[in-house]
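**Q** take a look and give me a structure for this.
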Amino acid sequence: MTEKIDKSAIKNILVSRTDKLGDVILTLPLISEIRRIFPDAKISFLVQSFLNHLLHGYEDIDELLFIDKYPTCGERYDLIKAKAFDMVINVFPDYELAALFFTADIKHRIGTGYRWYSFLYNHKVKEHRKFCEKHEAQYNLNLLKSVTDEVKDEFNYKFKYTPFEKEALSVKLRQHSLDISSEYIIIHPGSRSSARDIPLNTLAEFVELFIPEYYNLGIVLTGVKEESGTVGILINSIQKEKRVRIVNLCGILSLKELLILIDNSKLFLSNSTGPIHIAGALGKKIIGFYPNEAPVNDTRWGPLSPDAKILNPKTPGGSMSEITSREIFDNAIFLLKK
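**A** Modelled structure (predicted):
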């Protein structure tokens, strides 16, 4: 049962999500709902500092706060207490933060009802996310339902970038022989161990099928610097196809630059990892590779795009090698012809 709050008394709201990129992106629809329901309130977002560039200037966020590898107790307390928040939603379950928000005497504290420290919240939501019955973004919205009946089950995003930012990226990409105004697809082969990845040889076989059909499209490979080896293996696997334009951007893009690159692409292919949620937030054409099992399946973690095709192993708990290059190819052709 929803415990009603006095909306007029809520002037200063904190949303806390201090884990990975994809998790944070799937929390942004919650922030947009907070803005819609509490239009005059100040909204702060507590995240890790690596997200500063991506989220700076995001329409519904008034202030970004950062906690990396927690500072001392006193520093944390001073940071939060000084803000005088009326309400906090602790989206990512974390005892230290739950205790901090309690100690800082934030009046309305919203969080999960199924942790041993849930007594620190005075508005609790009892949902077991591990069963993956809903999407992660839906679970996040449901936290807000603990204090208001006005929540709409909508997943709205407001990512924007300026012409200057696009031009700056264009200049940078020209140094890597890529014209951002050209037509290209993106393959993001790694996941930094956040998911079970499709085998690289399957992606290489897909490229071999894809090139004769779409030889005019460039192929861009993305990933963080630590994934250079993974990307290099994939490049070596398909390098024999001399006609294809392969551009390796592994480790050279900021998250905001990656967002712009994805937004101007024709198709994005990826395992279950943060960048697939950037593509989902932008409504791009996506092929995602997901395990066929909870708690890592696409029911909970799929990209929020109407043009996403999700490929899974045929059997529950099956190997990602069960996804074939022909399946990827057929779905790529389908999406590109839409």
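
**Q** for the protein, which helix is longest?
**A** For the chain, the helix with the greatest residue count under DSSP state H is helix 200-213.

**Q** all strands of the stretch 51-200 of the chain, in order?
**A** Secondary structure of the stretch 51-200 of the chain, counting by DSSP state E, counting those that start in this stretch: strands at 63-66, 87-90, 108-112, 123-125, 184-188.

**Q** report the rounded mean pLDDT for the fourth one.
**A** Throughout strand 123-125, pLDDT has a mean value of 95.

**Q** what comes into contact with it?
**A** For strand 123-125, the surrounding residues in contact (CB atoms under 8 Å, 6 or more residues apart in numbering) are 3, 108-113, 118, 142-143, 145-147. No exception for glycine: its C-beta is placed from N, CA and C like everyone else's.

**Q** and for the first one?
**A** For strand 63-66, the surrounding residues in contact (CB under 8 Å, 6+ apart) are 14, 42-49, 51-52, 55-56, 79, 83.

**Q** can you count the residues close to residue 207?
**A** Number of residues near residue 207 (other CB atoms under 10 Å) recorded here: 20.

**Q** just the buried members of the contacts of strand 123-125?
**A** By neighbour count, with 16 or more other CB atoms under 10 Å, these hold 108-112, 118, 142-143, 145-147 as buried.

**Q** just send those residues back as CSV, with pLDDT too.
**A** Output for the buried ones among the contacts of strand 123-125, formatted as CSV (pLDDT from 0 to 100):
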residue, pLDDT
108, 97
109, 97
110, 98
111, 97
112, 95
118, 96
142, 97
143, 97
145, 96
146, 94
147, 95
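
**Q** picking that back up, pLDDT-wise, what's the bottom of the contacts of strand 63-66?
**A** Ranking the contacts of strand 63-66 by pLDDT, residue 79 lands last with 86.

**Q** chain neighbours aside, what residue packs nearest to it?
**A** Leaving aside its chain neighbours, residue 79 sits nearest to residue 65 (6.9 Å; criterion: CB to CB, 6 or more residues apart in numbering).

**Q** burial of the one you found, as a residue count?
**A** By other CB under 10 Å, 16 other residues sit near residue 65.

**Q** begin at 44 from here
**A** Got it, the first residue is 44 from now on, which makes the last one we talked about residue 108.

**Q** mind pulling up the pLDDT for it?
**A** Looking at residue 108, its pLDDT is 94.

**Q** bridged to it, which residues?
**A** For residue 108, the beta-bridge partners are residue 89 (DSSP bridges).
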